[in-house]
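Q: have a look; sequence and predicted model below, questions after that.
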Amino acid sequence: MKFTFLLFLTFFCSVLSFAQTADPQSFRSLLKKMTDAQTAYDAPALDRILSSDFIEISPVGEFDSRDKVLGFYTPKAKADAGNVTASLEVSDLSIRVYDQFAIGISKFTYSITADGKALPPRSMRVTTVFRKENGEWKIASAQYTGIRPALVAKP
């Protein structure tokens, strides 16, 4: 009887573990936390969701360490950006889960306003690597690749 109960408990915990690992909503939620923190210049929020060894390839192709990324999202950096605000929409999200790692590919579309004037939206493809750190999903890396705007034919 004890063996059957332990077998059932082991199976049940395995199912729960797999369900937590494979839930695409948890990755969407983590991406939302990241993009909200970025647009709000909230370095402490980013600090909580980035892995200890986070690295990034920035939209301009630079290799950025975790410290450099966190330094970009400070109140001083926001003040240095001037009168610019941005909102961000995440779409086309595809997640593949590999036990303790997951890879996400998505489209980020930025709507930017500078000095009260709306700029044309800009989009990027973003590859995000998630990994479990101390039993919790974190973002381990991100690579941003610009999407060329559609060319407008001249009359």
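A: Alright, I've got the coordinates.
Q: quick one: low-confidence parts of this structure?
A: Scanning the chain with the threshold set as pLDDT under 70 gives 1-22, 153, 155.
Q: centroid-nearest residue for it?
A: In the chain, the centroid-proximal residue (CA atoms, centre = their mean) is residue 31; its distance is 3.6 Å.
Q: my guess is it is in a helix, correct?
A: Yes - checked against DSSP: H, G, I helix; E, B strand; the rest coil, residue 31 lies within a helix.
Q: mind listing what it touches?
A: Contact partners of residue 31, counting by CB atoms under 8 Å, 6 or more residues apart in numbering, are 90, 93, 104, 106, 128, 139. To be clear about C-beta, it is placed using only N, CA and C from the backbone, and glycine gets the same treatment.
Q: burial of residue 126, as a residue count?
A: When neighbours are counted by other CB atoms under 10 Å, residue 126 registers 21.
Q: so it makes contact with residue 103?
A: No - using CB atoms under 8 Å as the test, residue 126 is too far from residue 103 to be in contact (11.1 Å).
Q: what about the strands in this structure?
A: All strands of the chain, identified by DSSP state E, fall at 50-57, 63-65, 84-98, 101-114, 117-118, 122-133, 136-146.
Q: send me the fourth one as CSV with only the CA atoms.
A: Once non-C-alpha atoms are left out, strand 101-114 reads as follows in CSV (Å, rounded to 0.1, in the frame of the first residue of the first chain):
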residue,chain,number,x,y,z
PHE,A,101,15.3,25.6,-20.8
ALA,A,102,12.8,27.2,-23.2
ILE,A,103,13.2,29.3,-26.3
GLY,A,104,10.8,32.0,-27.3
ILE,A,105,10.6,33.8,-30.6
SER,A,106,8.2,36.8,-30.8
LYS,A,107,7.5,40.1,-32.5
PHE,A,108,7.9,43.3,-30.5
THR,A,109,6.1,46.3,-31.9
TYR,A,110,7.0,49.6,-30.4
SER,A,111,4.9,52.7,-30.5
ILE,A,112,7.0,55.7,-29.7
THR,A,113,6.1,59.3,-29.0
ALA,A,114,8.9,61.9,-28.9
